[in-house]
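A.B. asks: Build the 3D model from these lines:
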Amino acid sequence: MATPVTVPSLGDDVQSAVLIRFLVEPGAPVRRGDALYELDTDKVTQEVEAEADGVLLAVTGTAGVDYLVGATIGWIGEPGEEPPA
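C.D. replies: Numbering: from 1, shown residues only. Okay, the predicted model is just below:
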């Protein structure tokens, strides 16, 4: 079952963050703890780590867009698995 890649909470006063870029291309393997993508807030630019092992199935977020904490911006799953629609 695919695992969503979501915008994490980066602090009590942070409600959203801008997706800068994914550091991994769709189809590439990832391991929990690998740097997966970068976010920008008013205070910091931060790399965010993968929360699961597998392959990056899809990137659904767009670079330069401000996303609320908890928004799904991609999917990690098993090779050949289809991400949820």
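
A.B. asks: Tell me the secondary structure of the residue of the chain positioned farthest from its centre, please.
C.D. replies: With distances taken as Cα atoms, centre = their mean, the residue sitting farthest from the centre of the chain turns out to be Asp13, at 20.2 Å. The three-state assignment at Asp13 reads coil, by DSSP: H, G, I helix; E, B strand; the rest coil.

A.B. asks: Quick check: end-to-end length of stretch 31-49?
C.D. replies: Separation of the first and last residues of stretch 31-49 by Cα to Cα, to the nearest Å is 9 Å.

A.B. asks: Need the residues that contact it.
C.D. replies: 5, 7-8, 10-11, 14, 16-24, 30, 50-53, 56, 61, 73-74 (Cβ atoms under 8 Å, 6 or more residues apart in numbering). Every residue, glycine included, has its C-beta placed from N, CA and C.

A.B. asks: How about stretch 55-64?
C.D. replies: With contacts defined as Cβ under 8 Å, 6+ apart, stretch 55-64 is touched by 2, 5, 18-22, 24-30, 36-37, 67, 71-79, 81-83.
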